[in-house]
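[1] need a structure here:
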Amino acid sequence: MITSADNDKLKTIRKLQQKSWREKLGLFSAEGEDLVEAAWEPEFVLRAGEDVEPDLLHAVSTLGSGSRVIGVYRQRWAEPAGDLLVYLHAVEDPGNVGTIIRSAHALADATVVLGPACADPFSPKAVRASMGSIFARPPARGGLDELPGPKLALDPAAERNLDDVELTPPLVLCLGSERGALPAGIDTARIPVHADSLNVAMAATVALYEAAHRMARHA
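    Predicted structure coming up:
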């Protein structure tokens, strides 16, 4: 039973709240029973009342209510392959990155490819938002020009609706930050809405559902 805040495992968990340490160590943490259950083989897992005093585990938790279990894992990156890919460009909010990873896995079993200036998918907020999909479908890294197949960018200013675009495999769905711009020279389509626009994670979810449904007809 760990009884000291100076324990090396607790120190590691604290360090992993910082991106620089996650990159240096190649590790990340996941909190909560559901995430730990969904995870691959851990470096170590600490459970409150079994491996560590509860107050000490709560002290290193990123959750406001504390945590009953925290696991530490080696980062894994996928290769950008498959009939449907989701490319993110400068999506800086980790919650959006994690949610898109979750939607891509749930709706299309697709891989998310992180381009320049994206949030760290292994940050605590992104891992929580992925709801375990970070383990089932790890993200990839790469530039848009490296990805095979036609590219389609979601742009609220596009002239065509998504309904009017043929979605056949292979396909790369491209999304950028709400205030940023995607690389030029890509076909665009918009999701018609009554508001100004959709949050990038919501737009990705709608497009993934539509693309997976229509591409299944060509399988």
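
[2] tell me how many other residues crowd the closest residue to Thr62 other than its chain neighbours.
    Among residues not flanking Thr62 along the chain, Pro124 sits closest, at 4.3 Å (CB to CB, 6 or more residues apart in numbering). Any C-beta I mention is one placed from the backbone N, CA and C, and that applies to glycine too. By other CB atoms under 10 Å, the residues close to Pro124 number 21.

[3] so who does Pro124 touch?
    Applying CB atoms under 8 Å, 6 or more residues apart in numbering, we find Pro124 in contact with 17, 29, 31, 62.

[4] from the residues you listed, keep the buried residues only.
    Taking 16 or more other CB atoms under 10 Å as the criterion, what is buried in these is 29, 31, 62.

[5] my read: Val200 touches Leu173, true?
    No. With contact defined as CB atoms under 8 Å, Val200 does not reach Leu173; the gap is 11.4 Å.

[6] which of those two has more neighbours?
    Remark: of Val200 and Leu173, Leu173 carries more neighbours, 27 against 22, as counted by other CB under 10 Å.

[7] tell me the first helix or strand C-terminal of the helix or strand containing the more buried one.
    In the assignment (DSSP states H and E), Leu173 maps to strand 171-176. Per DSSP H and E, the first helix or strand lying C-terminal to strand 171-176 is strand 187-189.

[8] domain parsing for the protein?
    8-74, 84-216 (automatic domain parsing).

[9] now, of those, which is deepest in the fold?
    domain 84-216 (a mean of 19; mean count of other CB atoms under 10 Å).

[10] elements contacting the longest helix seen in the chain?
    Identified as the longest helix of the chain according to DSSP state H is helix 200-216. With contacts taken as 3 or more CB pairs under 8 Å, 6 or more residues apart in numbering; DSSP states H and E, helix 200-216 sits against strand 84-89, helix 94-108, strand 151-154, strand 171-176.
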